[in-house]
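Enquirer: give the three-dimensional model of this entry:
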Amino acid sequence: MDEVVYKLMGEDISCLIFSNRSSISTNEGRDIPRALSSSSPAETSFEFLNQDRLYSPNNPASVLYTKSATNSPIQIRAIFEGRIYLLYNGYLDDFRILLELPQQSSISVSAIDVLGKLAATTISTELYRNIRTGQAIGVILDEINWPEGKRKLDWGSTIIDWWWEDDVNALEAVNRLLLAEGLPSIIYTDDVGDFVFKDRHHRYI
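Expert: Numbering: from 1, shown residues only. Just a heads-up that it's a prediction; the model follows:
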């Protein structure tokens with residue numbers, strides 16, 4: 001690996017990463033290594049130098065002044081033999097200033113992907129009749145205000161006679177639909193941050 005690039009809110013903060021205290025650590029995939037287990041959010045965390053308190057929200061000269069760092073987009077990319085690989089694409093979940101001194105301030109952050117947004121949101125839907133699994137996932141994404149242009153959803157091979165959700169965790173609702181769709185259906189976020197749903201027939205197309 002020739003280079004690792006950390007981008008916070010579109011800014012390259014690679015030179016601020018504490019190389020002796022931070023390594024790329026991610027946790028993603030299913031809760032347990034079984035095909036029918038639930039999908040879980042991808043998480044990552046690291047620490048970086050907050051030189052001149054540039055990322056301190058209470059500093060008038062900060063790029064975050066009067067703003068909230070939470071939910072800000074973050075990417076980790078690797079460059080190997082001239083090619084860019086996206087290692088992580090998500091949103092800040094926790095933003096903690098560890099030290100608040102000029103030239104010495106540091107910040108610890110953790111991030112989650114779009115599945116984390118689902119897990120953090122409780123939804124209730126209308127009652128739908130004869131709805132396909134892909135359509136139902138679209139309804140759930142509507143409930144969390146996920147942009148139309150940031151989703152790639154198969155239609156779904158399973159039709160549900162009656163479907164609704166009432167005061168339930170959105171990620172749990174999606175996992176129920178995956179179970180209804182059957183193997184090898186899958187959800188994930190791709191290299192440009194789009195939410196992807198592949199139905200059980202996607203390998204045959």
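Enquirer: around the nearest residue to Ile17 once chain neighbours are set aside, how many other residues sit close by?
Expert: Once flanking residues are discounted, Ile17 sits nearest to Phe48: 5.0 Å by CB to CB, 6 or more residues apart in numbering. Backbone N, C-alpha and C define where each C-beta goes, glycine included. The burial count assigned to Phe48 is 20, neighbours taken as other CB atoms under 10 Å.
Enquirer: ok but Leu115 is inside a strand, no?
Expert: No - assessed with DSSP: H, G, I helix; E, B strand; the rest coil, Leu115 is helix; it does not lie in a strand.
Enquirer: distance of it relative to Phe197?
Expert: Using CB to CB, to the nearest Å, Leu115 is found at 12 Å from Phe197.
Enquirer: what do the two both touch?
Expert: Ile187 (CB atoms under 8 Å, 6 or more residues apart in numbering).
Enquirer: show me where the protein has its helices.
Expert: 114-119, 133-143, 170-181 (DSSP state H).
Enquirer: and the longest one, C-alpha only, in PDB?
Expert: Output of helix 170-181 as PDB, limited to C-alpha atoms (Å, rounded to 0.1, in the frame of the first residue of the first chain):
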ATOM      1  CA  ALA A 170     -35.000   0.600  10.400                       C
ATOM      2  CA  LEU A 171     -32.000  -1.800  10.100                       C
ATOM      3  CA  GLU A 172     -34.000  -4.500  11.700                       C
ATOM      4  CA  ALA A 173     -36.800  -3.900   9.200                       C
ATOM      5  CA  VAL A 174     -34.400  -4.200   6.300                       C
ATOM      6  CA  ASN A 175     -32.900  -7.400   7.700                       C
ATOM      7  CA  ARG A 176     -36.400  -8.900   7.900                       C
ATOM      8  CA  LEU A 177     -36.900  -8.100   4.200                       C
ATOM      9  CA  LEU A 178     -33.600  -9.700   3.400                       C
ATOM     10  CA  LEU A 179     -34.800 -12.800   5.200                       C
ATOM     11  CA  ALA A 180     -38.000 -12.800   3.200                       C
ATOM     12  CA  GLU A 181     -36.100 -12.300   0.000                       C
END
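Enquirer: what angle separates it from helix 133-143?
Expert: Here helix 170-181 points in a direction 170 degrees away from that of helix 133-143 (axes from the mean of the first three to the mean of the last three CA atoms, to 10 degrees).
Enquirer: who does helix 170-181 touch, helix- and strand-wise?
Expert: Under the contact criterion of 3 or more CB pairs under 8 Å, 6 or more residues apart in numbering; DSSP states H and E, helix 170-181 touches strand 39-49, helix 114-119, strand 122-123, helix 133-143, strand 186-189.
Enquirer: and what of the first one?
Expert: Counting contacts by 3+ CB pairs under 8 Å, 6+ apart, helix 114-119 packs against strand 39-49, strand 83-99, helix 170-181, strand 186-189.
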